[in-house]
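Engineer: Attaching a predicted model along with its sequence, questions to come.
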Amino acid sequence: MTDSKYFTTTKKGEIYELKADLNSDKKEKKKEAVKKVIASMTVGKDVSSLFPDVVNCMQTDNLELKKLVYLYLMNYAKSQPDMAIMAVNTFVKDCEDTNPLIRALAVRTMGCIRVDKITAYLCDPLRKCLKDEDPYVQKTAAVCVAKLYDINPQLVEDQGFIDQLRDLLTASNPMVVANAVAALSEINDASPSGTTLFDLNAQTINKLLTALNECTEWGQIFILDSLSNYTPKDDREAQSICERVTPRLAHANAAVVLSAVKVLMKFMEMMPVDSEYLTTLTRKLAPPLVTLLSAEPEVQYVALRNINLIVQKRPEILKQEMKVFFVKYNDPIYVKLEKLDIMIRLAAQGNIAQVLAELKEYATEVDVDFVRKSVRAIGRCAIKIEQSAERCVSTLLDLIQTKVNYVVQEAIVVIKDIFRKYPNKYESIIATLCENLDTLDEPEARASMIWIIGEYAERIDNADELLESFLEGFHDENTQVQLQLLTAIVKLFLKRPTDTQELVQQVLSLATQDSDNPDLRDRGYIYWRLLSTDPAAAKDVVLANKPLISEETDLIEPTLLDELICYIGSLASVYHKPPSAFVEGRNATRRVLPTRAPGSGSTSPESETAAAVVPQAPQVIPQASQGQSDLIGDLLGMDLGPPASAPSAFGGAPAGFGAAPAGFGAAPAGFGASPAGFGASPAGFGGAPMQAQPEMSAGLDLLGGGLDSLIGGGGMSQPAPQPMMGGGNMGALGDIFSLASGPGLATGMYVEPKTVWLPAAKGKGLEVSGTFGRRQGQVFMDMTFTNKAMQQMSQFAIQLNKNSFGLVPASPLSIASPLNMNQTLDVSLPLNTNGPVQRMDPINSLQVAVKNNIDVLYFSSPIPLHALFVETGEMERRDFLNEWKNLPAANEVQFPIEIHMTADEAVQKLKTSNIFTVARRNLDGQDMLYQSLKLTNNIFIMAEIKMQPGNPTATLSIKCQLVDFSNLVHESYKAILQN
């Protein structure tokens, strides 16, 4: 017998057998075969070769068999598009079947087959199904439109399917309405334009609210999401919608509850603050949110992330529900941390005792991360609630006594923040902290302890020994610790110079010579330069009063918070980021909360309600990050090369500390000379030893920005002096013809008298005084330079730091000749407002660097706001009215102001300074003036003055987008009206 038997068999294989069964005349056998095909497909076997045989099985009245065949088609149509065309006729036929289930099944399957060749055949059956008399077919067809839009958006728009979907919004069946809303919402989100595809009006809203009670839970979610995009006409309509949405708060599905909360939170913004219904609604919102916390952990987490937003926006909703946020022993860590965060946000004087008891209990848990967060939470409570700070500090001390390493370290970190919030109040505990010095091994805890020692060095007898113990392993320390140690030792030296000279020299040497870290090296150089040239300035800089830290440092920025409230119940509310931050290509219009109806603030000049928009959007002032607003911060970054006559080493400077104020003691040995390697310092630090340099040439970039023409050295011709107000070529003629006042302005615009910006003692003999004015539509910096030194001054240049209004010099600083001893020179520097913008604190602070042949000098000068009032600040009455109404009542600030003149005189005087009167009226014997002004950054500010004839005390109400401006505008009004 040969081996050929192994190659012959009567078995044809599984596929062959299935093929035979699919073509069987017996219905049961055919159905079993299709089931086997689907089973094979489900477990990953390739059964695509059976495509024509399975398609032949479509011609059946058996609904079960038809569903199975359609399931196969959806899976393999993409890989067999040419074969899928064979099924089109059957689909079209099934869409006209008498059984609505088959009609719906056919249109659903056609929508799921993502093949371009088939979509063209889908249009006619889909159009018929959208108008089908059976609501089940209609609701299926509505979803199919959204699927088709995903495949071919242009086809859906051309065929008019979107209009048909809009018509379905008025259907009698609530499920059809819900699916139409869902489809339109999906299409709207996928639309590249992001424009709303259906207008919500009172009639449509009423239809949606009626359908809300009868459709499925997912239909309710889509309807509620659409309702949240609607802006009611007034608070009465908002209240009516809220009353019909409120029952959804009792729904079993958490998604429905959160969608209802979103609608209510949005519409609550429109209701008057003192509304009784608003109070009732606030009470009704608490129970459903609390109920969500009894669900499974994943739902709890989503609910807590949303509650976090709600508590930041409206803490009064859950202020009585603190206990539900107490942590359970079996909560997952992610739920515990979220509950902890919300507990701190809800902490108040009334519940702090139970909160602290809970937090103290949490600090004994086994989960290290949770314990750390709990200890840090105690510190946050101390910073937030001043009356309970002492109790919080006492709790932290109890935890330190446990001697648990990570608890002690976290406690020291938060106590450092408490010291910053309440200086000179709890320093008695420093001794206890110092006892734990040896146990600290984490960088943040070591840095915090070093900061405490340096800040309170005068109260710690052995502060030098403690800091020296850290210095022994300086190079092994984390950068954060090294920087803090450097600053702490310099603070110690400035407070106790006599016995810490060797220590400060040692740390400066380690930081500048032996360190590869540029941040550490630069800080070392700055301290060395400050200490060697001007100890008084060093003391002012290093020992300056620090701003108190804020209560809540992790609050979401208000504009972002308002946007996230509009996305409650979605991923955005879990991530705490807008959708555009994590959904690629999303360009939908940003959602914002509606504005509240105008309250009972100030009297409005008119009663129109038509909407109007102020033409130019105000420029947003970016927040300065921590440390950026420091005077030296950006200005030291300029590449200011030393003048040729500058001394080449520290040795050339005075003996450093010999000239120090009494009590500073002698300089450390050798401190007059520079450390080895100091020549590597940036050129801007002047006092470092340098290679011999040639005389300054025209090519030298003195200010790091191509500003060599400012100086006029090295063969460059001197720029012509700028014309000055009251002097130079234009002085007399300018006054006669009022040329200096700019187009359309009356003469007499108020300019403040000059004040000393840089005293000679700090300016190395140069005194700078000045003021700001506005002429010919431009801001001017009018300065007087006085040389009180014993040598000539020349090579002047000026640079402004980034500021809130983008002010930069419009032309170089023009000082034609050297400034001789005791000589005074007036200079007028025009400023442009197109420079880099960074929010300063205070907002009108301007930091200036002036360079001459002696040094680079830094000073700060506040800008009077009226110098920034532009000539185009007069608003239309309707714009004024609507803008006043649109701004929340919290943005209005009132001030008393003395006005010793009539209303007419006040109007004229203010107009000369670009404060325009939009409207006037007399109300109950009071003169009411409604005024507008505009800043150079296009921010409009509105004001109202109430004047009683015969009474010099008037009331000034100021309303603007940024409340920070209110005090400055008030100061400008006072200056203009009282001078």
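Structural biologist: Okay, I see it.

Engineer: Nearest the geometric middle of this structure, what residue?
Structural biologist: Relative to the mean C-alpha position of the chain, the nearest C-alpha, by CA atoms, centre = their mean, is the one of Glu557, at 5.0 Å.

Engineer: Which residues are in contact with that one?
Structural biologist: For Glu557, the set of contacting residues under the criterion of CB atoms under 8 Å, 6 or more residues apart in numbering is empty. Placement of C-beta: from N, CA and C, glycine included.

Engineer: repeat for Leu258
Structural biologist: Counting by CB under 8 Å, 6+ apart, Leu258 touches 292, 302-303, 306, 568-569.

Engineer: Leu829 too?
Structural biologist: Contacts here follow CB under 8 Å, 6+ apart; on that basis Leu829 touches 722, 780-783, 798, 809-811, 813.

Engineer: Next: Phe267.
Structural biologist: 232, 238-239, 241-242, 594.

Engineer: now do Val181
Structural biologist: 169, 208, 219, 222-223, 226.

Engineer: Now do the strands in the chain.
Structural biologist: Assignment of strands within the chain using DSSP state E yields the ranges 755-758, 766-775, 778-787, 797-800, 808-809, 824-832, 845-851, 856-862, 892-898, 916-923, 926-934, 940-948, 951-960.

Engineer: export these to a markdown table and tack on distance to Pro153 and mean pLDDT?
Structural biologist: Output for the strands of the chain, formatted as a markdown table (distance: least, CB to CB, whole Å; pLDDT from 0 to 100):
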| stretch | distance to Pro153 | mean pLDDT |
| --- | --- | --- |
| strand 755-758 | 62 | 91 |
| strand 766-775 | 53 | 92 |
| strand 778-787 | 51 | 91 |
| strand 797-800 | 51 | 90 |
| strand 808-809 | 47 | 92 |
| strand 824-832 | 46 | 91 |
| strand 845-851 | 52 | 91 |
| strand 856-862 | 56 | 89 |
| strand 892-898 | 47 | 89 |
| strand 916-923 | 47 | 88 |
| strand 926-934 | 43 | 90 |
| strand 940-948 | 40 | 90 |
| strand 951-960 | 43 | 89 |
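
Engineer: out of these, nearest to Lys313?
Structural biologist: Smallest distance to Lys313 across those (CB to CB): 20.3 Å, for strand 892-898.

Engineer: List of residues touching the closest one?
Structural biologist: 601-602, 945, 952-959, 963, 966-967, 970, 973-974, 977-978.

Engineer: how about a cut-off of 6 Å?
Structural biologist: By CB atoms under 6 Å, 6 or more residues apart in numbering, the list of residues contacting strand 892-898 from outside reads 601, 952-959, 966, 970.

Engineer: what's the answer for stretch 939-959, then?
Structural biologist: Outside stretch 939-959, the residues touching it (CB under 6 Å, 6+ apart) are 602, 614, 618, 884, 887, 891-900, 903, 926-934, 960, 966, 969, 973.

Engineer: Now a ChimeraX select for only the buried ones of those residues.
Structural biologist: Typed into ChimeraX, the line below selects the buried ones among those, using 16 or more other CB atoms under 10 Å:
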select :602,614,618,884,887,891,892,893,894,895,897,899,903,926,927,928,929,930,931,932,933,934,960,966,969,973
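
Engineer: Looking at the contacts of Leu829, which one is closest to Pro518?
Structural biologist: With CB to CB as the yardstick, the closest approach to Pro518 among the contacts of Leu829 comes from Ile798, at 27.6 Å.

Engineer: What residues of stretch 35-55 count as buried?
Structural biologist: Residues of stretch 35-55 classed as buried under the neighbour-count rule (16+ other CB under 10 Å) are 36-38, 40-41, 47, 50-51, 53-55.

Engineer: nope, stretch 231-251 is what I was after
Structural biologist: 232, 235, 237-242, 244-246, 248-249, 251.

Engineer: Ends of it, what's the gap?
Structural biologist: Distance between the boundary residues of stretch 231-251 (CA to CA, to the nearest Å) amounts to 24 Å.

Engineer: Leaving out chain neighbours, which residue sits closest to Glu237?
Structural biologist: Ala202 (7.5 Å; CB to CB, 6 or more residues apart in numbering).

Engineer: per-residue confidence at that neighbour?
Structural biologist: Ala202 carries a pLDDT value of 80.
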